[in-house]
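Novice: how would this look folded up:
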Amino acid sequence: MDLGIKGKVAVVTGSARGIGKAIASVMAEEGALVVIADVNVEGAVQTATELKNKGLKAVSVKLNIANYNEVVEAFSSITKELGPVDILVNNAAITTNTAQVRDMTPEAWQNEIAINLSGAFYCVKQVIKSMLERKWGRIVSISSVAGILGGFGQCSYSASKAGIIGLTKTIALEGARANITANAVVPGVIATDAYYAIPEKMRERICKIVSMQRPGEPEDIANAVAFLASEKAKYITGTTLIVSGGTDLFVF
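Specialist: Residues are numbered from 1 along each chain as shown. As a prediction, this is how the structure comes out:
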């Protein structure tokens, strides 16, 4: 299936590794010119190099999405070098800030909200005006099942990922008449490096709440994102696509 994104400029944040890298890879394989945007400069360069060695189009850019001025500068550079951004995938986030509400420090809370939620808002601000002028755009943001189900010890993470869904729906409303779609993908348990860093017994416990009794692969998320960013999904906007193997279903 031709997704119709060949030649499109696609920025994928947090794409040096994990789910973001998988998203960037699928988009590049579909013919998009992918910008590997990550605070991890070495990882971003490596990922872009791997894609270029396969004959695909990719460049790397340092991007700290929690710093608004850096976001403005990075997107200005991207636009000057590659042209206006057609597709934005808000993937960058942190997942290591865990504590119950009673123990979460204001500083830790603010840091996670800044990266996971404000960062997505900052990036959208850089591309939305051009998309409105050109009457075409795709914005796909990565939420989490924690954003719809909550997460014990994940108050800031859950709140930030719930916020992503609200932000997505608002962008969808504001862009609808200009052929701009905005959708959120909600991953469940995905087999990334972070997943395998969890002790085996804990991983087994986690998978017991998944209807399929196993984690998904990064490519499962990447394929969903690529579809929503495509011409095939031109009438889908404001949706929350859960890709979780049934984590949100009642399991017994």
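
Novice: residue nearest the centroid of the protein?
Specialist: Most central residue of the chain, judged by C-alpha distance to the mean C-alpha position with C-alpha atoms, centre = their mean, is Asn91 at 2.1 Å.

Novice: contact partners for it?
Specialist: 12-15, 19-20, 23, 141-142 (C-beta atoms under 8 Å, 6 or more residues apart in numbering). All C-beta atoms are positioned from the backbone trio N, CA, C, and that covers glycine.

Novice: what helix or strand is His22 on?
Specialist: His isn't right for residue 22; it's Ala. helix 18-29 (DSSP states H and E).

Novice: which elements pack onto that helix?
Specialist: strand 9-13, strand 33-38, helix 41-53, strand 87-90, helix 218-228 (3 or more C-beta pairs under 8 Å, 6 or more residues apart in numbering; DSSP states H and E).

Novice: on that earlier part again, from the contacts of Asn91, which would you call buried?
Specialist: 12-15, 19-20, 23, 141-142 (16 or more other C-beta atoms under 10 Å).

Novice: now the two most distant members of these.
Specialist: Ser15 and Ser141 (13.7 Å; C-beta to C-beta).

Novice: intersection of neighbour lists for these two?
Specialist: 89, 91.

Novice: picking up where we left off before, including pLDDT, could the contacts of Asn91 go into CSV?
Specialist: Converted to CSV, the contacts of Asn91 look like this (pLDDT from 0 to 100):
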residue, pLDDT
Val12, 98
Thr13, 98
Gly14, 98
Ser15, 98
Ile19, 98
Gly20, 98
Ile23, 98
Ser141, 98
Ile142, 98
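
Novice: nearest to Gly245 among those residues?
Specialist: Ile19 (14.6 Å).

Novice: lowest-scoring secondary structure element of this protein by mean pLDDT?
Specialist: Least confident element among the helices and strands of the chain, by mean pLDDT, DSSP states H and E: helix 193-196 (a mean of 90).

Novice: would Asp2 count as being in a strand?
Specialist: No: counting by DSSP: H, G, I helix; E, B strand; the rest coil, Asp2 is not found in a strand; it is coil.
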